[in-house]
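> Below is the structure, and that's it, no one-letter string:
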């Protein structure tokens, strides 16, 4: 169905008619000039926002709309968890070009709803409008945390341990794989031999995990919960969206400290290493600068060493130093390099 | 200066280095994964968001970037006032195409800052990224209000008076004027006689007020303050962004009531009427459906009649009826028509 058949208010009605608000702090969701929230008295409010543009952040030739909706929500929830908070509400704004049908936008929204249901988050408002070219998605997430629980980027102290959750570089290698198969597809389409586009079958075998990391990332609520259970309060934390190097430099500069990180401790999945080798890329470079990992990077006091080692899926990759000692990567062969941010920069 | 020279973080630093947070509820603004807010304990939180796309919501051939920034903020603040609340914070996300320089974005941001300063609002976060085509602006505004002060759309009651602030249709006529002068400019540029583009002088004389309403709308905090001072608590309220008809129908449907509105009571500025005549348009149609007025539409109990008449720049245009009596416009000649929403619909 064409979107113009429904119009703006018809489309909003269709997308939002089955929304159920789960959080007691959501007093009024979609349907008025504003959403009305009643944050818990003891907590502070966390707010984060992201704007995703077609052709810059996603390529719809290989990203299914439901996955895109899911990911667009996850990247915002990840920022709330990175403050050690709990996400409660989001608003969703969409600018839609004429190529999309009502069913397309329903798919996109279904992915958003799925991500919200999984994290008990309410969709409380937004905006829908048209776009001359492509799709734009803007999400704002609102969360809460007790003041004593909130973790900023600026609290890292000398001798703190530097920790990361999960593994790094997988999402970036998933993107490389998708780009490679797209190039193969494009080449075949220009070739008269393949007249029927359906003849093409992309080859992802053995690399399903990489695709999942790229297309359907999961915000690490489980890590936040595990840290709380173990009574570990990170001294600094952020999520890894632009690449480990870039994020480590943010924590160092905001905390006025240096760091020493060990190449052989950076967690990698087997598929990430295999794909990097197949593509003749340096896997450490991919892990340091790949981005879109949505893992958590945090520091904990040295005294938490035993406790942190007991937490599944968290690895200590180095430690915090005096600022004057710089930001150093120690390679497998013992050589040392200064860490540089070469992560994804949308404006360069 | 090209934006790529600064990169994302350099641009953010440049735009935000002089931000001063005014509100005690802003604990942490730009610079971490999230902004951290501490809403007043007695209040509820209001959240609204808008996504503005180049070519759909604004035409940069005649909209100066500073005005655009100002307006982008105002349209969000207007939604907070429409709940009878006070705006406190905004987040700003920008997607920027290659045609913009650092100075352009500074102009845009200067307009946003000006609007925020005027309304004592803090810019606490956002996102900057690139766009393949044109500019996208997404703003989320956060405000607060005492629970007993918040006004929804669904509280209008039979016999309530229907009120509007300011005057209607001026912004729409300003847009017609800008479009007309742009067409003249384009025609002259195609004509060999005008080789120098600087020869062209658009003719806005006598219509400056219309331009101001289109390019630099003001959110009506003054009306909210005047109502509070007069101890008037509207039974329903919203701001007029899509046109009076469209908004009145929202209030009626959400309040399960009908309405009778008098054509001769709809407030018009002299310039709006003069421009409509010059363009051979029906001025009432423009006032009912023009949109972008950012005036307040609200209902008050009949017992507030005397008090409301004392408030400057507010006019009673009709009254609320039983739902079964429909939504009716009474024309100057006494004839009656059913109100229809023909306002701006970006998806039709």
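Nice, thanks for sending it over. Computed from a prediction, not measured in an experiment: that's the story for all the values here.
> where does the closest residue to residue A:181 other than its chain neighbours land on pLDDT?
Distances taken as CB to CB, 6 or more residues apart in numbering or on different chains place residue A:202 nearest to residue A:181, at 3.8 Å, with adjacent residues excluded. All C-beta spots, glycine's among them, are computed from the backbone N, C-alpha and C. With respect to pLDDT, residue A:202 scores 79.
> Look at residue A:202 and tell me its secondary structure.
Secondary structure, DSSP: H, G, I helix; E, B strand; the rest coil: residue A:202 is coil.
> likewise residue A:63?
Residue A:63 ends up coil, using three-state DSSP.
> Check whether it really touches residue A:215, as I assumed.
Yes: counting by CB atoms under 8 Å, residue A:63 does reach residue A:215; the two are 6.4 Å apart.
> tally of neighbours for the residue nearest to residue A:181?
14 (other CB atoms under 10 Å in any protein chain shown).
> on that earlier part again, more neighbours: which of residue A:63 and residue A:215?
Using other CB under 10 Å, the more surrounded residue of residue A:63 and residue A:215 is residue A:215, with 20 against 16.
> and that one, what does it touch?
A:63-64, A:67, A:71, A:174 (CB atoms under 8 Å, 6 or more residues apart in numbering or on different chains).
> Please tell me how far it sits from chain B.
20 Å (CB to the nearest CB, to the nearest Å).
> before we move on, could you check phi and psi at that residue?
Dihedral pair for residue A:215: phi -90, psi -30, per degrees, to the nearest 10.
> All the helices of the stretch 201-348 of chain A, residue numbers only.
Remark: helices of the stretch 201-348 of chain A, listed N- to C-terminal, are A:208-215, A:221-229, A:244-255, A:270-278, A:283-289, A:305-309; assignment by DSSP state H, counting those that start in this stretch.
> and those helices as JSON lines, adding mean pLDDT and distance to residue A:163?
Formatted as JSON lines, the helices of the stretch 201-348 of chain A follow (pLDDT from 0 to 100; distance: least, CB to CB, whole Å):
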{"stretch": "helix A:208-215", "mean pLDDT": "96", "distance to residue A:163": "19"}
{"stretch": "helix A:221-229", "mean pLDDT": "98", "distance to residue A:163": "9"}
{"stretch": "helix A:244-255", "mean pLDDT": "96", "distance to residue A:163": "11"}
{"stretch": "helix A:270-278", "mean pLDDT": "96", "distance to residue A:163": "19"}
{"stretch": "helix A:283-289", "mean pLDDT": "94", "distance to residue A:163": "15"}
{"stretch": "helix A:305-309", "mean pLDDT": "97", "distance to residue A:163": "6"}
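> Distance to residue B:156 added to those helices, as JSON lines?
Output for these, formatted as JSON lines (distance: least, CB to CB, whole Å):
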{"stretch": "helix A:208-215", "distance to residue B:156": "47"}
{"stretch": "helix A:221-229", "distance to residue B:156": "42"}
{"stretch": "helix A:244-255", "distance to residue B:156": "50"}
{"stretch": "helix A:270-278", "distance to residue B:156": "59"}
{"stretch": "helix A:283-289", "distance to residue B:156": "57"}
{"stretch": "helix A:305-309", "distance to residue B:156": "58"}
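> I'd like to know which of those helices is closest to residue A:123.
Taking CB to CB, helix A:221-229 is the member of the helices of the stretch 201-348 of chain A nearest to residue A:123, at 17.8 Å.
> so does the closest one get close to chain B?
No: against chain B, helix A:221-229 shows no contacts by CB under 8 Å from any CB of the partner chain, the least distance being 12.4 Å.
> how far does that helix sit from the chain's center?
Centroid displacement of helix A:221-229 relative to its chain, using CA atoms, centre = their mean, to the nearest Å, is 17 Å.
> can you pull the buried residues of it?
Within helix A:221-229, the residues that count as buried by 16 or more other CB atoms under 10 Å in any protein chain shown are A:221, A:223-224, A:226-227.
> and which of the residues you listed is nearest to chain B?
residue A:224 (12.4 Å; CB to the nearest CB).
> If we ignore the residues flanking it in sequence, what's nearest residue A:22?
Leaving out its chain neighbours, the residue that sits closest to residue A:22 by CB to CB, 6+ apart is residue A:120, at 5.2 Å.
> Can you point out the buried residues in stretch A:211-222?
A:211-221.
> got CSV for those, with distance to residue A:148 too?
As requested, the buried residues of stretch A:211-222 are exported to CSV (distance: CB to CB, whole Å):
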residue, distance to residue A:148
A:211, 40
A:212, 35
A:213, 33
A:214, 36
A:215, 37
A:216, 33
A:217, 29
A:218, 27
A:219, 22
A:220, 21
A:221, 19
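> Return the member of those residues nearest to chain B.
Distance ranking of these against chain B, using CB to the nearest CB, places residue A:219 first at 11.5 Å.
> Packing partners of the longest helix along chain A?
Identified as the longest helix of chain A according to DSSP state H is helix A:170-189. Counting contacts by 3 or more CB pairs under 8 Å, 6 or more residues apart in numbering or on different chains; DSSP states H and E, helix A:170-189 packs against helix A:208-215, helix A:270-278, helix A:283-289.
> can you give me the mean pLDDT across that helix?
Mean predicted confidence for helix A:170-189 is 90.
> which parts of the stretch 51-200 of chain A sit against chain B?
Residues of the stretch 51-200 of chain A lying near chain B (CB under 8 Å from any CB): A:51-57, A:79-80, A:82-83, A:85, A:89, A:91, A:93-96, A:124-134, A:136, A:138, A:140, A:142-143, A:147, A:150, A:152-154.
> Please produce a PyMOL select command covering the buried subset of these.
Burial among those is assessed by 16+ other CB under 10 Å; the matching PyMOL selection reads:
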select buried, chain A and resi 51+52+53+54+56+57+79+80+82+83+85+89+91+93+94+95+96+124+125+126+127+128+129+130+131+133+134+136+138+140+142+143+150+152+153+154
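> care to break chain A down by domain?
A:6-145, A:161-174+A:210-338 (automatic domain parsing).
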